[in-house]
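Enquirer: take this sequence and fold it.
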Amino acid sequence: MKRDRILGIPYDNVFTEEALSKVENFLHDYKSHTIVHMSLLLLMRARRSKMLRMFLEEADLIIPSGKYLFWAANLMKRPFKEVIDPSLFVKMLMVQSVEIGKNVYLFGGKGQTIDRAFINLKKEIPKLFVIGRQRGNYRNHNHENVVMAIGKASPDYFFIGLGSPQEEIWVNRNRRKINAKLIILIEGLFDVYAGNVKKRSSYKKNWNIEKISKREILYSHSLQRALKVPVFILLVFIEKIFWRN
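Expert: Numbers count the residues shown, from 1 in each chain. Prediction:
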């Protein structure tokens, strides 16, 4: 399927159910697949980083998120089929793992974040089969042991939340060693699930996509994003002026 682009950076324009179906189909082969939630900050960084651009070009599913990407797609007359909330979609993937009898591994966050996120997620999805969890800020000398442990676990769904570009760099270096069927990059969502980050809407189970479609997750990099917004808007208008069907 041909991908749409904003400022030259690709993304997949899909409905939620379409994205879930794609992810489930990825499990039917013997390859490792990568799913990315593309934020404004990741898009802007990818414009300046060859590594990030290549990472996105090679990703199997890229789901855009945030009001500014939604605005840009509308301005370019290539509107999103549906605005997919990242935190809700990740939980849907976890529910999917339960329904099809697969396991998950949680990797990321600092300190006790991953443990608090695990507790909250298990409250919402009691049958979630978590075969392992590991905080992201481990000591460098433990790296090989951490990677080896993940590889031995061979997770079906490997959720990594180190923030960008750390998580893309980590995946590039360790993809082959961790034996994960699905690698899902979720940026700062473990902080959200742990309750470390306050949101405009309360952190409660809500499967009604229509009600939350305009909600935007508050990431820890909100200041960096705010500084990128004016540049992004200017670049989008320039692309709009010179863009041709």
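
Enquirer: okay, and the beta partners of the nearest residue to Q134 once chain neighbours are set aside?
Expert: Excluding the flanking residues, the one nearest Q134 by CB to CB, 6 or more residues apart in numbering is F107, at 5.0 Å. Every residue, glycine included, has its C-beta placed from N, CA and C. Beta bridges link F107 to Q134, I160, judged by DSSP bridges.

Enquirer: let me know whether F107 touches G161 as I believe.
Expert: Yes - between F107 and G161 a contact is recorded at 7.3 Å, counting by CB atoms under 8 Å.

Enquirer: so what sits against both of the two?
Expert: G136 (CB atoms under 8 Å, 6 or more residues apart in numbering).

Enquirer: re earlier: could you measure from the residue nearest to Q134 over to I131?
Expert: 11 Å (CB to CB, to the nearest Å).

Enquirer: lowest average confidence, helix or strand, in the chain?
Expert: Least confident helix or strand of the chain, by mean pLDDT, DSSP states H and E, is helix 209-212 with a mean of 35.

Enquirer: on that earlier part again, and F107 and I131? which has more neighbours close in?
Expert: More crowded of F107 and I131, by other CB atoms under 10 Å: F107, with 26 against 16.

Enquirer: now do the more buried one against I160, distance only.
Expert: As judged by CB to CB, F107 and I160 stand 5 Å apart.

Enquirer: overlap in contacts, the two.
Expert: G136.

Enquirer: and the helices in this structure, which stretches?
Expert: Counting by DSSP state H, the chain has helices at residues 16-26, 40-48, 50-58, 67-75, 86-99, 113-124, 143-153, 166-178, 189-194, 209-212, 222-242.

Enquirer: check contacts around the residue nearest to Q134.
Expert: Going by CB under 8 Å, 6+ apart, F107 touches 114, 133-134, 136, 150, 158-162.
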